[in-house]
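In: coords please:
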Amino acid sequence: MNAIGKISQTERYARCVETSKRVRWDVEHDVIRGRGFDTAHKFLPDGLTLADAFTTLSAAEKRLVSQIQGRTYANIFGLVERFINAKVLELSEDHWFGDQVALEALVRFSDEELKHQALFRRIDAMVGDVLPAGYRFDIDPNGVAHAVLGKSTWAVLGLTLDIELFTQLHYRQSIEPDSDLSELFKDVFLYHWKEESQHAILDELEWVRHDAGLTAEQRDRAVDELIELVGAVDGILQVQAKADAGYFVAICGRAVDAAEAQAIEAAFLKAYRWQYIHSGVQHPHFGKVLSSLITEDQGRRIQAALATLQ
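Out: Numbers count the residues shown, from 1 in each chain. As a prediction, the model looks like this:
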């Protein structure tokens, strides 16, 4: 990041365009390649599923948890990319009659997000072909997008950068090194990571650019809205943790009493809060960018809110 900081903003947009052209991929030709999923393998690594939190489960049952969480992982990304794409298209208007390199970078960003949504719809269907019926993901992407986009651009960009950064962290630190994962599932997030790496740079550029035009009062309200968005994300995670735990109990092939079922649901929620909230806000670069934009008091408000999501 130090080297990146020494080049101009226009050059940073240009580099994102160049990389976008170089790494561009096709869902079927490059990612799927005629393959299917094999339930003999995990889909998500233990570092993301928090497998150790599922203390009553066997190794085979923890593998099933990884497959359920893997399906939800794909669906959550498809969900958030709906509002991210809408916001990117909105931001592109600021560059229509200005920096055309920045405009191209954002147009490419949007195009790639549409492709990613198609990829994750494909993955959901393919996982559905190998897991038992009964899985539910009833969260409406359009409804979520409308709610998120009702918040300030500053808050939405803060949440978006958080998401783009933890995507990279998950792949590099957990998914790529795990030799026990499904090779197809690893490839899905390898190719996703290749394009998301540019998106994180663009998120930061747009967030800092937008922040420069705010008053102190507008920024303070935006901090509250970022906290509200994180709370809304947690609400989604609570709903899905309950659904996924219920699905696991229904298909695991043995009796699960009420106390164990409650513990399994708590473990799902703990894993989801780690995946979609804490792993991002603890990312060093996210902290660096956020702290450069806010006051110490605003930072304490954010940390206090996060502390309630344990």
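In: chain center to stretch 17-37, what's the gap?
Out: 19 Å (C-alpha atoms, centre = their mean, to the nearest Å).
In: all the helices of the stretch 51-200 of the chain, in order from the start?
Out: Shown for the stretch 51-200 of the chain, the helices assigned by DSSP state H, counting those that start in this stretch span residues 59-92, 100-130, 141-149, 153-170, 183-211.
In: state the distance from residue 53 to residue 266.
Out: Relative to residue 266, residue 53 is positioned 8 Å away (criterion: C-beta to C-beta, to the nearest Å). No exception for glycine: its C-beta is placed from N, CA and C like everyone else's.
In: more neighbours, those two?
Out: Looking at residue 53 and residue 266 with other C-beta atoms under 10 Å, you find the greater number of neighbours at residue 53, namely 19 against 14.
In: identify the residues contacting that one.
Out: For residue 53, the contacting residues are 266, 267, 270, 271, by C-beta atoms under 8 Å, 6 or more residues apart in numbering.
In: ok, 10 Å please
Out: Applying C-beta atoms under 10 Å, 6 or more residues apart in numbering to residue 53 gives the contacts 46, 62, 65, 263, 264, 266, 267, 268, 269, 270, 271, 274.
In: so what's the first one closest to, chain neighbours aside?
Out: Translated: residue 46. residue 52 (7.2 Å; C-beta to C-beta, 6 or more residues apart in numbering).
In: swap in the last one?
Out: Using C-beta to C-beta, 6+ apart and skipping the chain neighbours, the partner closest in space to residue 274 is residue 50 (6.0 Å).
In: so the one you found is in contact with residue 267, correct?
Out: Yes. Taking C-beta atoms under 10 Å as the contact criterion, residue 50 and residue 267 are neighbours in contact, 6.8 Å apart.
In: which of these two has more neighbours?
Out: Taking other C-beta under 10 Å, residue 50 and residue 267 do not tie; residue 267 has more neighbours (23 against 19).
In: from residue 54, how far off is the more buried one?
Out: Relative to residue 54, and taking C-beta to C-beta, residue 267 is found at 5 Å.
In: so what sits against both of those two?
Out: In terms of C-beta under 10 Å, 6+ apart, residue 267 and residue 54 are both contacted by the residues 65, 248.
In: from residue 185, how far out is the residue nearest to the spatial centre of the chain?
Out: Within the chain, one residue has its C-alpha closest to the average C-alpha position: by C-alpha atoms, centre = their mean, that is residue 163, at 4.4 Å. Distance check for residue 163 against residue 185: by C-beta to C-beta, it reads 19 Å.
In: assign the residue sitting furthest away from the middle of the chain to helix, strand or coil.
Out: When distances are taken from the C-alpha mean of the chain, residue 255 lies farthest, 33.4 Å away, according to C-alpha atoms, centre = their mean. When states are read from DSSP: H, G, I helix; E, B strand; the rest coil, the local structure at residue 255 comes out as coil.
In: who touches it in this structure?
Out: Applying C-beta under 10 Å, 6+ apart to residue 255 gives the contacts residue 249.
In: now the one 4 residues further on
Out: The neighbourhood of residue 259, defined by C-beta under 10 Å, 6+ apart, consists of residue 56.
In: confirm it sits in a helix?
Out: Yes. Looking at residue 259 with three-state DSSP, it is inside a helix.
In: and the pLDDT at it?
Out: Looking at residue 259, its pLDDT is 98.
In: any idea which helix or strand comes after the worst-scoring helix or strand of the chain on mean pLDDT?
Out: The helix or strand with the lowest mean pLDDT-type score in the chain, counting by mean pLDDT, DSSP states H and E, is helix 2-5 (a mean of 46). Per DSSP states H and E, the first helix or strand lying C-terminal to helix 2-5 is helix 9-23.
In: that next one: which residues count as buried?
Out: Buried residues in helix 9-23, defined by neighbour count with 16 or more other C-beta atoms under 10 Å: 12, 13, 14, 15, 16, 17, 19, 20.
In: got the angle between that helix and helix 183-211?
Out: Using axes from the mean of the first three to the mean of the last three C-alpha atoms, to 10 degrees, one finds that helix 9-23 and helix 183-211 are set 160 degrees apart in direction.
In: just checking, what packs against helix 9-23?
Out: When contacts are defined as 3 or more C-beta pairs under 10 Å, 6 or more residues apart in numbering; DSSP states H and E, helix 9-23 packs onto helix 2-5, helix 100-130, helix 183-211.
In: recalculate using a threshold of 6 Å.
Out: Using 3 or more C-beta pairs under 6 Å, 6 or more residues apart in numbering; DSSP states H and E as the contact test, the elements touching helix 9-23 are helix 100-130, helix 183-211.
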